[in-house]
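S.K.: when you get a sec, could you give me coordinates for this:
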Amino acid sequence: MSRLAKPVSLALVVLLVLTLAAACAKKSDSNSSGSSSSSSTSTSTSTSQNSGGTSSSGDGGSEAAAPGEWRPQSDLSKKIKFTYTSVQAIEGYDYTKGDPLAQYYSDKFNYEMDVAALNWDNWNERLRIWINSGDMPDVAVYNYIHADAAAFVEQGLIKRLPDDWKQRWPNVAAVYERTTLGPQMEKIFGGTYFLPRARFMDNLPGDPLPNHPSVFIRKDWAEAVGFPVKSAYKVSELMEFARLVKEKDPGNVGDKLIPIAENTNHAVDLFVARNSTYFNHFYKDKDGQYKWGGASEDTLRGLKLFSEAYRSGLLAQDFYTVKNEEHGAYFNVQGIAGATFFQAPTSNLQPYYNDFKNNLGIDPYDNIILATVLGEDGYYHQLDLINFWGTIIFSPNIKDEVFERYMDILDYNATREGYIITNMGLKDVDWTYDASGNIISLYDEEKEGKPLAGTTGKYPSWGYLLGSIILFDDFAFDNPNTDERLRELSKKVYRERTEIATPETFAHIDWDYYTYDSPSKRRAQIDYYTEYANLITQPGDIEENWKKWVDSKMPIIQPVLDELNAKFGG
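M.R.: Residues are numbered from 1 along each chain as shown. Prediction:
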């Protein structure tokens, strides 16, 4: 502001006023379009049909961009270095120059990126430690937990984005509005601290939003034991399939047979969460009073099925030792599992089916049932997923030039061209446009002998580490690299979940509860997945064990119930 202290001419004052008025009008237009789902979708995917060129002048975006042209807000002529951490990273991989896709981004945005790899088991805890100790990397993908998030904001442990960030990076802003979480948290915190990554932008499959995990069943084994082929099964029906497989071993697997392959988290999701919408939440009941889902009869029903499956050998006796997502490979790589409840976003289906074919040598389309799991009441149970997964946060000590550069990467990847590159690889190498402007694939995985992504793929760097703000789930419905049979099957699975449910079993988010914060609520954080797994592996009667567990938790649960009912009950 000191540079504005010198006297200026009346003409310049008039010019400044007119410029500000135009900027305000532009901002108003932007905000109006951002409030509409259709408008924000258009902004995300159509901002730049031919936006590949960034300005080499490195002027930080001070000059107006031509219509349809994407421009950076940082000086791309200046090389930067930054640190980054996320789950899904490959330990020790060179995300700056390790493959042509990584090279494309590091050249385009002139950076070196040092990645600290986290895994599913240490993601939450290690990042929490780094944040609280003031040692977090410049950029991190944070698994949003509201109580922790509120504490980080209160203590100044993460960066608050500048107030004008939505005007400077409008493509990111359009995605942000689509996530629902972003605007809600902005109201709570009085500013933006978290950038949620949208699961869906153009192809939102439902409201409330269905989750991805589905059950994969060996169709050939089901037919061999006389089990019906359907698109949805109750938990008890899956257990009956597992009993038949255990008894008859239709795949001749022998001692290695695992009727239902799971790890701790997916086992809890399969048996408990599919029966209990609020198994790990507080919720407002029909009487207007808040209750605790851990003490509900629905949760007990799921625990009884979980216990029965474990004690009767339908689950591996050491299921709780399975690390990360390795149980999925028992089904599609080793071929020793009759079923697995596993992640099944559309974007994951093609590689999963390909691995099944390549490792087991049989057609996955003829030998896999992909289905929804229902509760014993015959309904689909879930709390609204909210349209995001993982939030991007920045260190409070990040240099402005690094912050701006990473925001440029995010904004470019929310343009049409960037969005396609993050899903299909390099233009004119892995994909191109046909004469009608449609996207066509140039990559033949079977001919190349490897997938585009993954540790053994053409681009090991490919994933969410190169600056995605829109996740793969959205584009997967339109991706020509995914077999149309899988795309249609996946659409059907998501659609049916909204149809086989009631407002009570598949519920919208209660934002009063979600955004409520207090010392009591923070103390009431429980690792439900581990504790439920511990309950069913303990000796003794599961109901008695559960009642004792509920009683043991009430000293931290009751204060939260009292607060919620005093503030929001009735």
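
S.K.: starting at the chain centroid, how far to the lengthiest helix in the chain?
M.R.: Counting by DSSP state H, the longest helix found in the chain is helix 542-568. Averaged C-alpha coordinates place helix 542-568 at 29 Å from its chain's average position (CA atoms, centre = their mean, to the nearest Å).

S.K.: can you check stretch 235-243 too?
M.R.: For stretch 235-243, the separation from the chain centroid amounts to 29 Å (computed by CA atoms, centre = their mean).

S.K.: do stretch 326-336 as well
M.R.: Averaging C-alpha positions (CA atoms, centre = their mean) puts stretch 326-336 23 Å from its chain's average.

S.K.: circling back: the longest helix of the chain: which residues count as buried?
M.R.: Residues of helix 542-568 classed as buried by neighbour count (16 or more other CB atoms under 10 Å): 542, 545-546, 549-550, 553, 557, 559-561, 563-565. From N, CA and C alone the C-beta is placed, and that goes for glycine too.

S.K.: ok, now which ones touch residue 560?
M.R.: Listed by CB atoms under 8 Å, 6 or more residues apart in numbering, the contact partners of residue 560 are 282, 292, 518, 520, 521, 524.

S.K.: burial count for the second one?
M.R.: Summarising burial for residue 292: neighbours were counted as other CB atoms under 10 Å, giving 21.

S.K.: quick one: the closest residue to it other than its chain neighbours from residue 525, how far?
M.R.: Closest residue in space to residue 292, ignoring its immediate chain neighbours: residue 557 at 5.2 Å, by CB to CB, 6 or more residues apart in numbering. Note on residue 557: its distance to residue 525, by CB to CB, to the nearest Å, is 11 Å.

S.K.: pLDDT (mean, whole number) over stretch 469-476?
M.R.: Per-residue pLDDT values over stretch 469-476 give a mean of 94.

S.K.: before we move on, back to that, surely the residue nearest to residue 292 is in contact with residue 291?
M.R.: No. Taking CB atoms under 8 Å as the definition, residue 557 is not a contact partner of residue 291, at 10.0 Å.

S.K.: SS state for residue 317?
M.R.: Put simply, residue 317 is coil when judged by DSSP: H, G, I helix; E, B strand; the rest coil.

S.K.: next, count neighbours for it.
M.R.: Taking other CB under 10 Å as the criterion, the count of residues near residue 317 is 11.

S.K.: so which helix or strand takes in the closest residue to residue 468 other than its chain neighbours?
M.R.: Nearest-residue entry for residue 468: residue 422, 5.2 Å, with adjacent residues in sequence omitted and distances by CB to CB, 6+ apart. Assigned by DSSP states H and E, residue 422 falls within helix 416-424.

S.K.: residue ranges with poor pLDDT in the chain?
M.R.: Counting by pLDDT under 70, the chain contains low-confidence ranges at 1-68.

S.K.: just the buried residues of stretch 351-371, please?
M.R.: Residues of stretch 351-371 classed as buried by neighbour count (16+ other CB under 10 Å): 351-356, 360, 364, 367-371.

S.K.: stretch 103-111 too?
M.R.: Judged by neighbour count using 16+ other CB under 10 Å, the buried positions of stretch 103-111 are 103, 104, 105, 106, 108, 109, 110, 111.

S.K.: pull up the pairing partners for whichever strand or helix holds residue 283, direction included.
M.R.: Secondary structure from DSSP H and E places residue 283 in strand 282-284. In the sheet, strand 282-284 lines up against strand 290-292 (antiparallel) (DSSP bridges).

S.K.: give the other helices and strands that the helix or strand following the strand it pairs with contacts.
M.R.: Downstream of strand 290-292, the next assigned helix or strand under DSSP H and E is helix 297-311. The contact analysis (3 or more CB pairs under 8 Å, 6 or more residues apart in numbering; DSSP states H and E) places helix 297-311 against helix 235-248, helix 528-537, helix 542-568.

S.K.: out of these, flag the one nearest residue 140.
M.R.: The minimum distance between residue 140 and these falls on helix 528-537, with 22.6 Å, by CB to CB.

S.K.: and the longest helix of the chain with helix 528-537, angle?
M.R.: For the pair helix 542-568 and helix 528-537, the angle between their directions (axes from the mean of the first three to the mean of the last three CA atoms, to 10 degrees) equals 150 degrees.

S.K.: contact partners for the residue nearest the centre of the chain?
M.R.: Taking CA atoms, centre = their mean, the centroid of the chain lies closest to residue 389, which sits 2.7 Å from it. Counting by CB under 8 Å, 6+ apart, residue 389 touches 197, 199, 471.

S.K.: filter the contacts of residue 560 down to the buried ones.
M.R.: Of all the contacts of residue 560 considered here, the ones buried according to neighbour count by 16+ other CB under 10 Å are 282, 292, 520, 521, 524.

S.K.: as JSON lines, those with distance to residue 503 would be great.
M.R.: Conversion of the buried ones among the contacts of residue 560 to JSON lines gives the following (distance: CB to CB, whole Å):
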{"residue": "282", "distance to residue 503": "18"}
{"residue": "292", "distance to residue 503": "20"}
{"residue": "520", "distance to residue 503": "29"}
{"residue": "521", "distance to residue 503": "25"}
{"residue": "524", "distance to residue 503": "26"}
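
S.K.: which among the residues you listed gets closest to residue 154?
M.R.: residue 521 (13.7 Å).

S.K.: isn't that closest one right next to residue 147, touching?
M.R.: Yes. Proximity of residue 521 to residue 147 meets the contact threshold set by CB under 8 Å, at 5.9 Å.

S.K.: ok, the residue nearest to residue 468 - contacts?
M.R.: Applying CB under 8 Å, 6+ apart as the definition, the contact partners of residue 422 turn out to be 413, 466, 467, 468, 470, 472.

S.K.: just the buried residues out of these, in PyMOL syntax.
M.R.: Of these, the buried ones can be selected in PyMOL as follows, counting by 16+ other CB under 10 Å:
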select buried, resi 413+466+467+468+470+472
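
S.K.: including distance to residue 511, could the contacts of residue 422 go into a markdown table?
M.R.: A markdown table is the format used below for those (distance: CB to CB, whole Å):
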| residue | distance to residue 511 |
| --- | --- |
| 413 | 28 |
| 466 | 32 |
| 467 | 29 |
| 468 | 26 |
| 470 | 23 |
| 472 | 27 |
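
S.K.: pick the one among the contacts of residue 422 closest to residue 445.
M.R.: Nearest to residue 445 among the contacts of residue 422, counting by CB to CB, is residue 472 at 16.0 Å.
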